[in-house]
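*Asks:* Have a look at this prediction, sequence included:
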Amino acid sequence: MAMTAPGQTAGLSPYTDQLIDNLGVSRTAISFSYLIGTLTGALTMPYFGKLIDRIGSKTAIMAVGIGLAAVLYVASFVSNIFNLTAIYVGLRFFGQGALTLAATTLIAKTVLHRPGLALGVSGAIGAAGVSIAPVGFERLIAFTDFRTAFQIEAVLVLAVVIPLALFLPGKKSEVAKDEFTETGSIITVPGMTVIEARKTLGFWMIAMAMITVGLVSTAFGFHLISILGNQGFTPLEAAATFIPQTVGSLVLAVVIGGLTDRFHPKFGVIVAMGSMAISMVMLFLVEPGFLGLVFGFLVGSSQGAMKGVETVALVQYFGRAHIGEIRGWAHSIGLISTALGPILLSLGLDVFGNYYVPAIILMALPITAIVLAVIDKTPRDRFA
């Protein structure tokens, strides 16, 4: 989970201004390139989720780790907006998309007792790595250059993901649609199909919350140096706001993940959306120092709360039989929103001349998700 950082917005953020300067492209052009790359990667997630159900998470994680390292190495040779777009496709597919989906699906299928807490802890550790990564990447770029930094990241991914994957449980440890008891009789693991799941308000409530967190946090993260620069932050101070994001994400992922084992997941969604809404209001007030720490903590809290809710909520609502494919659809929706975030904020800057008006417009997203959570009556644990 931590090694998804090179494909996450937080991990790509320190490279944005470097790529703009070195490739001679506009902020809107690079945001559009990012949009295309993310959309392309996102649209494959339902099929990749189905593939995970077939081949197992361990095999998927090993393959994705090799793919992510290869794309990072190729990224060090980027020369124009066209091959940058292709690189974004690879980074967003292998990093944010496939590796995250495979890792969390592994836990959803293998951990049957207190899965919310397990996902909260693993999500918190992963979020810690992702949130700290921008500071490390910014220092790598400062001491070397962005091309060398990409190559170092490629080596790190291989050195961490592949050895760890060797110790993961194999496909036989995962819950399948049909399992054999010790006497040889077949039992069927209950659960909804993707088509059935998409007909429930619970699915769309979770999807709307994922859209909100994905779109807003990606919009803020991708343009973080520029946004906080307008508020008086240096590039290092702006990158450092990812550290309180780590704390917020750690705390909320574990707390909300544990509570989701006991209470309806919509309460965790309300917490996540409330934190995101407050962080958007703080965009008008944030400045270096204490308020910068609070801003980062709130953004991280929203992300952490959703990490603790999303996967276990889908299991509670729809069972484990088709959870890889269902999560693939939910993850795809969330990834599409991350593609739209940077370009919408960039276009908002072009149209309004500031980031404040776009932020006010985007406030409709967390408000809508909270309304859906309040009215959601989808029962949990019907397949327990």
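*Replies:* The structure has been received and is ready for your questions. Numbers count the residues shown, from 1 in each chain.
*Asks:* switch to C-alpha atoms for all contacts and neighbour counts from now on
*Replies:* OK.
*Asks:* Name all residues that make contact with Thr218.
*Replies:* 9-10, 338, 341-342 (Cα atoms under 8 Å, 6 or more residues apart in numbering).
*Asks:* I meant to write Gln96 there.
*Replies:* 4-5, 7-8.
*Asks:* again, only using 10 Å
*Replies:* Going by Cα atoms under 10 Å, 6 or more residues apart in numbering, Gln96 touches 1, 3-9, 38, 41-42, 68, 90, 331, 335, 338.
*Asks:* Among the contacts of Thr218, which one is most surrounded by other residues?
*Replies:* Within the contacts of Thr218, Thr338 tops the neighbour count with 31 neighbours, counted by other Cα atoms under 10 Å.
*Asks:* Buried residues, the host helix or strand of that residue. List them.
*Replies:* Remark: Thr338 resides in helix 323-352, with elements defined by DSSP states H and E. Going by neighbour count (16 or more other Cα atoms under 10 Å), the buried part of helix 323-352 is 323-349.
*Asks:* can you check stretch 135-142 too?
*Replies:* The neighbour-count check on stretch 135-142 (16+ other Cα under 10 Å) flags 135-138, 140-141 as buried.
*Asks:* Among these, which lie within helices?
*Replies:* In this view, the buried residues of stretch 135-142 that belong to helices under DSSP state H are 135-138, 140-141.
*Asks:* Flag the least confident of those residues.
*Replies:* In terms of pLDDT, Val135 ranks lowest among those, with 81.
*Asks:* Enumerate every residue touching that one.
*Replies:* 10-11, 14, 141, 235-243.
*Asks:* In PyMOL, select just the buried ones from these.
*Replies:* Selecting only the buried entries of those in PyMOL, with 16+ other Cα under 10 Å as the criterion:
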select buried, resi 10+11+14+141+235+237+238+239+240+241+242+243
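*Asks:* hang on, the earlier thing: what's the closest of the ones in helices among the buried residues of stretch 135-142 to Ile152?
*Replies:* Set against Ile152, the nearest of these by Cα to Cα is Leu140 (8.7 Å).
*Asks:* So the closest one sits against Thr148, correct?
*Replies:* Yes: judged on Cα atoms under 10 Å, Leu140 makes contact with Thr148 at a distance of 8.2 Å.
*Asks:* Give the buried residues for the helix or strand immediately after the helix holding Thr338 in the chain.
*Replies:* Using DSSP H and E, the helix or strand that follows helix 323-352 in sequence is helix 356-362. Neighbour-count burial for helix 356-362, counted by 16+ other Cα under 10 Å, picks out 356, 358-359, 362.
*Asks:* farthest pair in these?
*Replies:* Comparing every pair within the buried residues of helix 356-362 by Cα to Cα identifies Tyr356 and Leu362 as the most remote, at 10.0 Å.
*Asks:* Find the residues that touch each one of the two.
*Replies:* Taking Cα under 10 Å, 6+ apart as the contact rule, Tyr356 and Leu362 both touch 280, 345.
*Asks:* ok, back up a step: compare the contacts of Gln96 and tell me which is most surrounded.
*Replies:* Thr338 (31 neighbours).
*Asks:* show me the contacts for that one.
*Replies:* Neighbouring residues of Thr338 by Cα under 10 Å, 6+ apart: 8-9, 34-35, 38-39, 42, 92, 96, 210-219, 222, 332.
*Asks:* next one: Ile107
*Replies:* Counting by Cα under 10 Å, 6+ apart, Ile107 touches 57, 115-116, 118-119, 122, 169, 174, 311-312.
*Asks:* Distance of it relative to Leu164?
*Replies:* 15 Å (Cα to Cα, to the nearest Å).
*Asks:* Give me the spatial nearest neighbour of Gly37, chain neighbours excluded.
*Replies:* Val89 (3.8 Å; Cα to Cα, 6 or more residues apart in numbering).
*Asks:* What's the first helix or strand after whichever strand or helix holds the one you found?
*Replies:* Element membership for Val89 (DSSP H and E) is helix 81-91. Using DSSP H and E, the helix or strand that follows helix 81-91 in sequence is helix 100-110.
*Asks:* Return the alpha-carbon coordinates of that next one using CSV.
*Replies:* C-alpha atoms of helix 100-110 as CSV (Å, rounded to 0.1, in the frame of the first residue of the first chain):
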residue,chain,number,x,y,z
THR,A,100,-4.2,-0.6,-4.2
LEU,A,101,-7.0,-2.7,-5.4
ALA,A,102,-5.1,-6.0,-5.2
ALA,A,103,-3.7,-5.2,-1.7
THR,A,104,-7.1,-4.2,-0.2
THR,A,105,-8.9,-7.1,-1.9
LEU,A,106,-6.4,-9.5,-0.4
ILE,A,107,-7.4,-8.4,3.1
ALA,A,108,-11.1,-8.3,2.3
LYS,A,109,-10.9,-12.0,1.2
THR,A,110,-8.6,-13.4,3.8
